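1. Any chance you could fold what I've pasted below:
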Amino acid sequence: MTVGFDGIRTVDGDSPLSYYDRLVIASLGMEYPTDTFMVYSPNSTDDRGMSWLLSISNVHNKTPHKAINKWAWRNRAGIFHDIHRHGVKVFHGMDAILPTRKKKDRVKMVNTVRDLTFNRFMEDYSWLERINRKSRIKKACRRAKRVIATSEYIKQQLVGRFKVDPDKVDVIYTAFRDEYVERRDDEVMLNNVRAKYHMPSRFVLAITDFSPIGNLETLYRAIAKLDDKDIDLVLIGAKNDYYRSLKKLAAKLNIDERVVRVSSVNKHNFSALYALSKAFIAPALNDGMGQTIIEAMITGTPVVASDSGCHREVGTDAALYFNPDSVDELAAHLNTVLSNEAKRNSMVEAGMKHAAQFTQQNLAQKTMLTYNKARGKA
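-> Predicted coordinates:
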């Protein structure tokens, strides 16, 4: 079978969304070597992450065969000409968008929804952007034979707020990359990564896009309250205006020298940063996938997460959760993880055991099952 993907995010740099796309497609490519997977995008890319994806022999990047307007090619009938040329049986919209055409088409459509932040934190989006996003998600879910939600949290919103039939929604959780287990105890690699990114000797880690939804003010205030004043906070994320405003808060709390920001990290090095940290913190308010929680757990890092989004759903009882508005609760959990060796060890063991189910193989098999449902073959 040949499967096509809307690849605009897939080839678009190294964002968390592009990483998720690549993880899904790579997992399918490796698990189903006799099938073909076509990534359709208006432009090609030389991004290192795409090089990794395209090294899989049955995964291919396809740009417009004949198109003057590449936006119209992606969203209208133009892309259908190409997917028919390639014999695509299922087309997978990875960014809650599906191409449209007036007449019915034999290609079966699957739509993934992984982020509905705009629907909960409306003040952070213009009214026009909210209307556009809601409209395109509704249309895509209506056209799709099957809809993939990356968590029950996302599914509940699709059913409750977007009126999607719950029987057509499959919840498929993300996965950790196989190398996270393979490189977990590689001391040479850990030391090299520590030196490459100039990591402090003892730190807790968070990954963020530096926005109010990231809930970093609560995190900063909790770091200031820790009993251990020698613990640094490492943040991975690109600098922006919101980050600059947080620098003022850090100075006010007298933790500015303890906050270390790394703008970007090669995806192959993330497992080492998790493993080097004393704890991973997921403070965000609206996570719909829980990717970082799974990754941290499988590397043997205890997780402290806000009790919001899909965090408790994904992490279950293998993590500690705090009220996202409670500085004291977050600080108390971090103090426990940093000072109570028995508790820390039990969290590491429980986390590794729990995360072991989120394999690339499971991700691929469940996604293929959805494709077969869309085709009426399951």
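2. Name all residues that make contact with D228.
-> Contacts for D228 were tallied using CB atoms under 8 Å, 6 or more residues apart in numbering; they are N335, L338, S339. For every residue, glycine as well, the C-beta is placed using N, CA and C.
3. Next, please give the residue ranges for the helices of the stretch 51-200 of the chain.
-> 70-75, 78-85, 117-120, 127-143, 152-162, 179-182, 187-196 (DSSP state H, counting those that start in this stretch).
4. Tell me which of those helices sits nearest to R312.
-> helix 152-162 (9.2 Å; CB to CB).
5. on contacts alone, who are the packing partners of that closest one?
-> helix 117-120, helix 127-143, strand 146-149, strand 169-171 (3 or more CB pairs under 8 Å, 6 or more residues apart in numbering; DSSP states H and E).
6. neighbouring contacts of that helix?
-> 113-114, 116, 119-120, 134, 137-138, 141, 147, 149, 164-166, 169, 171, 288, 309-310, 313.
7. Quick one: buried ones out of these?
-> 113-114, 116, 119, 137-138, 141, 147, 149, 164, 169, 171, 288, 309-310, 313 (16 or more other CB atoms under 10 Å).
8. Go ahead and confirm V3 touches H86.
-> No: applying CB atoms under 8 Å, one finds V3 not in contact with H86, separated by 10.1 Å.
9. Hmm, E295 is touching K267, no?
-> No: using CB under 8 Å, E295 is not in contact with K267, being 10.2 Å away.
10. Who has more neighbours out of the two?
-> Neighbours per residue (other CB atoms under 10 Å) separate E295 from K267, with E295 holding more: 24 against 16.
11. measure the closest residue in space to that one that isn't next to it in sequence to R133 for me?
-> Closest residue to E295 in three dimensions, ignoring its sequence neighbours and counting by CB to CB, 6 or more residues apart in numbering: F176, at 5.2 Å. Shown here: F176 relative to R133, a distance of 29 Å by CB to CB, to the nearest Å.
12. So those two - more neighbours on which side?
-> Set F176 next to R133 and count neighbours by other CB under 10 Å: F176 wins out with 23 against 18.
13. Now do the same contact list for the more buried one.
-> F176 touches I294, E295, I298, A355, F358, T359, Q360, counting by CB under 8 Å, 6+ apart.
14. ok, so of these, who is nearest P16?
-> Once CB to CB is applied, the member of these that ends up nearest P16 is E295, at 11.2 Å.
15. residues touching that closest one, list them.
-> So E295 contacts F176, Y180, F270, S271, Y274, A355 (CB under 8 Å, 6+ apart).
16. Can you tell me which of the contacts of D228 has the most neighbours?
-> Ranked by the number of neighbours (other CB under 10 Å), the contacts of D228 place L338 first, at 19 neighbours.
17. residue ranges of the helices in the stretch 201-350 of the chain, please?
-> Counting by DSSP H, counting those that start in this stretch, the helices of the stretch 201-350 of the chain are 216-224, 241-253, 270-276, 291-298, 311-315, 327-339, 341-355.
18. Just put the ones you listed in JSON lines and tack on distance to I231 and mean pLDDT.
-> JSON lines is the format used below for the helices of the stretch 201-350 of the chain (distance: least, CB to CB, whole Å; pLDDT from 0 to 100):
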{"stretch": "helix 216-224", "distance to I231": "8", "mean pLDDT": "97"}
{"stretch": "helix 241-253", "distance to I231": "14", "mean pLDDT": "91"}
{"stretch": "helix 270-276", "distance to I231": "13", "mean pLDDT": "93"}
{"stretch": "helix 291-298", "distance to I231": "17", "mean pLDDT": "96"}
{"stretch": "helix 311-315", "distance to I231": "22", "mean pLDDT": "97"}
{"stretch": "helix 327-339", "distance to I231": "6", "mean pLDDT": "98"}
{"stretch": "helix 341-355", "distance to I231": "13", "mean pLDDT": "97"}
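19. quick one, which of those is nearest to F210?
-> Per CB to CB, nearest to F210 of these: helix 241-253, 4.3 Å.
20. what about R142, neighbour count?
-> With other CB under 10 Å as criterion, R142 counts 15.
21. How confident was the prediction at it?
-> Listed pLDDT for R142 reads 90.
22. Look up how far D165 lies from it.
-> Taking CB to CB, one finds R142 at 10 Å from D165.
23. hang on, the earlier thing: and of the contacts of D228, the nearest to Y19?
-> L338 (29.0 Å).
24. wait, what's in contact with that closest one?
-> By CB under 8 Å, 6+ apart, L338 lies in contact with V204, L226, D227, D228, I231, K278, A279, R344.
25. what's the nearest residue to the fifth one if we skip its chain neighbours?
-> The reference is to I231. Nearest non-adjacent residue to I231 (CB to CB, 6+ apart): R202, at 5.5 Å.
26. separation between that neighbour and A279?
-> Applying CB to CB to R202 and A279 gives a distance of 11 Å.
27. The residue nearest to I231 contacts L233, correct?
-> No: the pair R202 and L233 does not pass the contact test of CB under 8 Å, sitting 10.8 Å apart.
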